[in-house]
Every structure is written in C-alpha cells, then in structure tokens.
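Novice: Compute the structure for the input listed below.
(chains A, B, C and D)
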Number of protein chains: 2
Amino acid sequence: MANIKDVARLAGVSVATVSRTLDGSPKVAAATRARVLEAVAACGYVTNALARNFRQRRTHTVLVLVPDIANPFFSRIIRGIERVALEHGYRILLGDTQYNAERERAYAALVTQRQADGIICLGMNIPFATGRSRSRLDPDWPPFVMACEYDGEIPAPTVCIDNVRAATEATRHLLGLGHRDIAFISGPRASPLCRDRLAGFTEAMTAAGLRVRRERVRYGDFSLAGGHQQMRALLGGARTPSAVFCANDEMAIGALRAARQAGLALPRELSIVGFDDIAFAEFATPALTTIRQPREQIGVRSMQLMLEILRDGQQPGRRIVLAHELVVRESSVAAP
Amino acid sequence: MANIKDVARLAGVSVATVSRTLDGSPKVAAATRARVLEAVAACGYVTNALARNFRQRRTHTVLVLVPDIANPFFSRIIRGIERVALEHGYRILLGDTQYNAERERAYAALVTQRQADGIICLGMNIPFATGRSRSRLDPDWPPFVMACEYDGEIPAPTVCIDNVRAATEATRHLLGLGHRDIAFISGPRASPLCRDRLAGFTEAMTAAGLRVRRERVRYGDFSLAGGHQQMRALLGGARTPSAVFCANDEMAIGALRAARQAGLALPRELSIVGFDDIAFAEFATPALTTIRQPREQIGVRSMQLMLEILRDGQQPGRRIVLAHELVVRESSVAAP
DNA sequence: TGGTACGATGTAAACGATTACATCCAGCGG
DNA sequence: CCGCTGGATGTAATCGTTTACATCGTACCA
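Specialist: Coordinates of the predicted model:
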C-alpha cells in the first residue's frame, strides 16, 4: 500500500508538498500540483485516515446513541443526521443502547478514548452525567447534543418539538370531537418528554373542565406490545374510555389491535390518537390520527448543531424547537 | 490529558511496561502491575484509541451498509450485528446508502482509507465489485460479508435464508387454501433475492398446474407506498386475484390498505401473505401471514463470520443458510 | 564458581501523516 | 549590485502507542 513518501518520491517533491497539495492548500504551484496528482494516481495512493486522525486528534466521527434502533421513529432521525454528516465529511458510529445504562457507558467511553468527536443522544440519558456533575453543564463534557428528549436539569443543546403544546393540541382535537372520557397511554415514567406530553394532556383536559382520573393514565414502553397491553388494561375496567391518546404511534397501533380484538368497532366506538407520524401510521386500519414530528429535520438540525459545537469548541446551551403538526386521519371521530 | 508517559513516570516504570500491563500481558510482575494500575487510576489515564489504532493498523470498526435505515427489517439485523460487535470490542459505522451507488462508493472508500476493517452489506450491491473484478472473488477486496441479499456471480461469504424454498412454502400455503389466481408483488427487478422469491412462487404455481400470467407479477420497491401502488394496479385489472403474495411485509401492509380502500372485505375477499415478519406484521389488520426471517440471527451470524475473516485474514466463500418459518395469521383464509 | 537460561524490564524504532520553521530563489527597489 | 520580500518548497519534529530487541538480575545446574 503506497504511502505519502512513495508519492513524494515519484513526484520528485517532499512529503510536505504532497500533503499540502492533497488538502488543497493554495501555496502549491500549479505545475507541482499537477505532478503530485499524477503521482497519486499512478500509485493509487489513498490517505491513511488513521494516521491523519491520530495526528490531527480528531476522528470526523460522531457517536449516535439511540435507545432502540428497531424503532422506526429513531431511524428516520438517524437518516437526517447521517445525511448532514456525510455532506460534511463526517461519519456516524451507531450505539444501540437498548435503554441499558451499561451499554450507554460503554459507548460514551469511545469519546474519552478519542474514537469519536462528539455524541448525539436520542434517548433520555446523558451517559456522562453522574454524581455532582449532574444538574449543571460540565465544561469537561465532550461535545454533545440531545435530540427529541432532553434532561430537565441540564441546559444542554437540544433539538425537539414543543411536547406540551403538541399534546394539548391532540387532546383538544379529541375534546372538539365531543370526547369527555379520554385516556392517556404514556411512555416510561422517567422520560421528561412523556411528562411534558402528560402535562399537555392534563392541561387541555383541565381547561375543558375535566379531571384526569388516575386510572386513565397508563405507562407503556413505546412498543407495539406495550400499547397493546396498556389498552387491554384500559378495556378491563368498569367503563371504557371513548378515546385514547398515545405517546407514540407504535403504542397507538398496539392499542388499535387490542381494541379490535376486544370486539370494538373502530373508530366508531373508540377514537385513538398517536404521536410521531411514523410511516406505518398512515397505513394502519383505521389510518392513525397523530402528531407529526419533523423527524428528518430533527436529525439534520442536531447534526448541524454538533458541527457548530465542534467548530467553535464551545457548548451553546441552545435549544432548537421545531414545528409539529396535527395530522387528522381516520382513527379519531366524533364521540358516540 | 494524561498519556502513557505520564503513567510510566508516576509508576516509576517504562512505557513498555505500562503498555504490557494494560493489555494484560502475562510477563509483568504482580507488584509492578499493581503499581501501574494505581498510577493509571491516579491520573485518570485512558488509552488513546487513535494512537493505538494507528500503530496496530486496525480500527476495530466494521462498516455496515444498509439500503434504508428506516426499514424496520434492516434495523433488527443491525441490532444483531451490533450486539456481537460490542461483545468483541468492535464498533459499527453505519452507512445508509439509500439505494444510491455514489453513497455506496463514498462509504466503501472508508475501508481503503483504513477507517474500517471490513464491510457488511445488507443491500444487493457490492460497492467495489466493478468492471473486470466482477464475477469472481477478488483477493484485493477488503473483508466483507453479505447479509440477506447476495450476488449471484460472486461466491462471497453470505448469510441468508433459502428464499426459493420460503416463497414456495408461502405460495403452497395459499394454494392449499384453494386460491388459484394468485399475484406476486416483487421488490426491484435487479434484486437476486427477489428473483429467488419469484422463482419459488413460479415453481409452486407450476407444480400445481397453474400458469403465472405476466400481469400477475408486479415490481415494487419494498416500501409501504410501493405495495399500495402495485395493489391498486392489480385491482384496476379486469379480474382481481383472490390472493397476493408480497416480497416483504411493508409492501403487504401497503397492499392491505389499498385493498381495503377499494372496498374489499379483508381477508374474506382477498388473502395476503407477506415476507420477513417485522413487528408490525402481527399488529396489522388483519394480522399478516408471513415468512419469518431470523433477523437478529442473520445479524449475529454475519458479524461472527466477519470476525472470523478478520481473525484468519482470509475470505471463505462460505454461505450460511438459516431457517425461516411460515407464520400463519389472519390475512390468509380459504378462497371465496 | 562460572555459565546458562529465563523472567522482568527498559530502550528506541517504528506507524504515516501534518505542520512549524528553515531555506531557497527570483524579482525588485534603492 | 545589494539587501529585502515573499512565494514555493524542504526538513524534521511531532502525535501516543506498540513491540522487536537489548539488558539486567537471579536462580539453577554442572
């Protein structure tokens, strides 16, 4: 495998000139440049990125921590991240944490080991936020950005939508259809994002003069099976709600199925609203009413923010809030 | 940031001893080892992976090329790969090619640049197989493994299921239910895997004394929208088939919706069978009959194969065929 | 006791680029 | 004709490890 010395010898110049030519420095004479490029082509030289990264102390790689790669909500965000990364000569290292703290730590270690320049977290945990460095923005932290989720205590750079407002809108939509007994299937209790959605739900209900009864709020795990299970629990009660608002589309689709299995005629006997607008939402039966999150955009902006941080060397406490949109389809209809 | 010299100084030994201690070489006296570890802890030393990779000329990173990260079929395979990788101290670099040759090449270049030790391809293209190096296993190729798809001309290490047989079984299932007019919605024409599935379909039909008419075979793009569109085309014909076999679940779910929109009572008036058994299949309405592919296992075995190749430094032309399974749910019933 | 063998440790040369600094040369003004 | 300037190029240090090889004791055997 040819290295830079071989090229230099072949072109009759020094390695410095080759290096300069290759990263487009303007201080190389045109004739020399041509000779170098010819030599490069002649011996099929390719820069050894390992050596360059080592010398420059950067990897041009960003670690993306995702709680569950199999969740289509995340994969679309990843695509956005990836696109921007590629355009700027960056690569993404994927870390599927599976909501597991040990895996998170294992991955976060890559940054201290210099295998990645920064971290984009799609989940709710900041792996290096522990003990006393919690609740403030530690200057020792590596460059990082949170997407979707955020940590209430830490003013970290974040890209997300206004979850409170989005949940309020979804709930108002159901209220507007005449529903009074509405249940909420949340994600994990610990998730700040879910708390926001619950807050938005509660706010809308209260504003309509309704009380949110304890048993009408259930906690799932964002999965199809989780939604199915929580819906079954709701159906097992004395009275069943006339509408259910789910914290994500997968749970909504799970709930849909549970309701149908229980013999309910959908959407007539039960309205369901999801959250995220994943591709499957439109193809569910009935097609799911949901809140659309600009998923690809979330990825794009997160990566742009990361690039900014890497360039300027400082962590802005910036929070970017993107617009959501209520998408009304077939699953929400007037209350019986 | 402390480096190995600092540790050496602190422990009163040479850098070589520190290095040896850290990678667990047996030729370090217990007392020395203890002193070194203490020094490491004292100054919070972490090995600079960049320097190590550079010196050792390996990255412990594998590039995974996936045609579409947003497709849940792939993400589950990725999870399998990732798990094995992590267990063996490897990381995965994700490349979403979006069926785009240029992106594929851009990513494959990472291997020549030494940013990755090998490639696992989930798509059908081998990015470095061009021109004369096509149709044979080029010894110059970097370590690579194909998962799911494969290239007919190249005896590359591959992990997949027996697509012909699986398609035959799915078709026989429909034939067994009394269907005679069965359509097939394939993936892209160029995909060898789809050709296999079509071959299996044709084989089963022929064995049953039926001819596969040209207009009963349609080519989609593996997406929900693609399945929807192809189904509409089928419904637009003079007579509609009584059953449809789709080359993946997403297209099947798209087809499901198109049929329902056309006013067909499902599954009574139209049976549908998918392929892959993604999580959503079970939650579709009606729940989808499909061929289960051991997705996580495909990932696991692919990565194991990759590790083997990296260890032994040679490319076995091995092909691993994993077992599939017909999962009968609600979407396939007796012909009207 | 001398030589040998072996285990533990140290020394220093890689790895392949980038880049600060030195050098060289041509052109130009005084 | 001299010295200065500035653009083009070369020289060599540097990044932080790993690892081949050298060295140094010590124990053991003849």
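Novice: Grab the nearest non-local neighbour of the residue of the stretch 201-336 of chain A found nearest chain B.
Specialist: Nearest residue of the stretch 201-336 of chain A to chain B: A:Thr285, at 4.0 Å (Cβ to the nearest Cβ). Glycine gets a C-beta too; all of them are placed from N, C-alpha and C. Here the nearest residue to A:Thr285 in space, its sequence neighbours aside, is B:Thr285; by Cβ to Cβ, 6 or more residues apart in numbering or on different chains that works out to 4.0 Å.
Novice: so that neighbour touches A:Arg260, yeah?
Specialist: Yes: at 6.3 Å, B:Thr285 and A:Arg260 qualify as touching, with contact defined as Cβ atoms under 8 Å.
Novice: mind listing what the residue of the stretch 201-336 of chain A closest to chain B touches?
Specialist: A:Leu256, A:Leu266, B:Leu256, B:Arg257, B:Arg260, B:Ala284, B:Thr285 (Cβ atoms under 8 Å, 6 or more residues apart in numbering or on different chains).
Novice: least confident pick among these?
Specialist: For the contacts of A:Thr285, the model is least confident at A:Leu266; its pLDDT is 90.
Novice: give me every residue that touches it.
Specialist: A:Leu256, A:Ala259, A:Arg260, A:Ile272, A:Thr285, A:Pro286, A:Ser331.
Novice: got those as a markdown table, with secondary structure and distance to DNA strand D columns?
Specialist: What follows is the contacts of A:Leu266, written out as a markdown table (DSSP: H, G, I helix; E, B strand; the rest coil; distance: Cβ to the nearest atom of the strand, whole Å):
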| residue | secondary structure | distance to DNA strand D |
| --- | --- | --- |
| A:Leu256 | helix | 53 |
| A:Ala259 | helix | 57 |
| A:Arg260 | helix | 58 |
| A:Ile272 | strand | 55 |
| A:Thr285 | coil | 57 |
| A:Pro286 | coil | 59 |
| A:Ser331 | coil | 56 |
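Novice: Tell me the residues of the stretch 1-150 of chain A that contact DNA strand D?
Specialist: Counting by Cβ under 7 Å from any atom of the strand, the residues of the stretch 1-150 of chain A close to DNA strand D are A:12-17, A:20, A:26-29, A:31-32, A:54-55, A:57.
Novice: Out of the residues you listed, which is nearest to B:Glu296?
Specialist: A:Phe54 (35.3 Å; Cβ to Cβ).
Novice: Looking at the helix or strand encompassing that closest one now, give me its mean pLDDT.
Specialist: Using DSSP states H and E, A:Phe54 falls within helix A:49-56. In this model, helix A:49-56 has a mean pLDDT of 95.
Novice: Could you name the helices and strands sitting against it?
Specialist: The contact analysis (3 or more Cβ pairs under 8 Å, 6 or more residues apart in numbering or on different chains; DSSP states H and E) places helix A:49-56 against helix B:49-56.
Novice: Between helix B:49-56 and the next helix or strand after the helix it packs on, find me the angle.
Specialist: Per DSSP H and E, helix B:49-56 leads on to strand B:61-66 as the next helix or strand towards the C-terminus. Orientation of strand B:61-66 against helix B:49-56 (axes from the mean of the first three to the mean of the last three Cα atoms, to 10 degrees) gives an angle of 100 degrees.
Novice: The contacts of A:Thr285 also near DNA strand C: which ones?
Specialist: Near DNA strand C, by the rule Cβ under 7 Å from any atom of the strand, you find none of those.
Novice: Generate a PyMOL selection restricted to the buried subset of those residues.
Specialist: To isolate the buried members of the contacts of A:Thr285 in PyMOL, using 16 or more other Cβ atoms under 10 Å in any protein chain shown:
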select buried, (chain A and resi 256+266) or (chain B and resi 256+257+260+284+285)
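Novice: of all the contacts of A:Thr285, which comes closest to A:Pro192?
Specialist: A:Leu256 (26.7 Å).
Novice: outside of the longest helix belonging to chain A, which residues touch it?
Specialist: What stands out as the longest helix in chain A, according to DSSP state H, is helix A:295-312. Outside helix A:295-312, the residues within contact range by Cβ under 8 Å, 6+ apart are A:58, A:62, A:73, A:76-85, A:88, A:90, A:117-118, A:120, A:143-145, A:147-148, A:157, A:159-161, A:276, A:315-316, A:318, A:320, A:322.
Novice: can you tell me if it touches DNA strand C.
Specialist: No: Helix A:295-312 does not reach DNA strand C (Cβ under 7 Å from any atom of the strand); its nearest approach is 14.6 Å.
Novice: buried residues in whichever helix or strand comes after that helix?
Specialist: Using DSSP H and E, the helix or strand that follows helix A:295-312 towards the C-terminus is strand A:319-322. Using 16+ other Cβ under 10 Å as the test for burial, strand A:319-322 gives A:Ile320.
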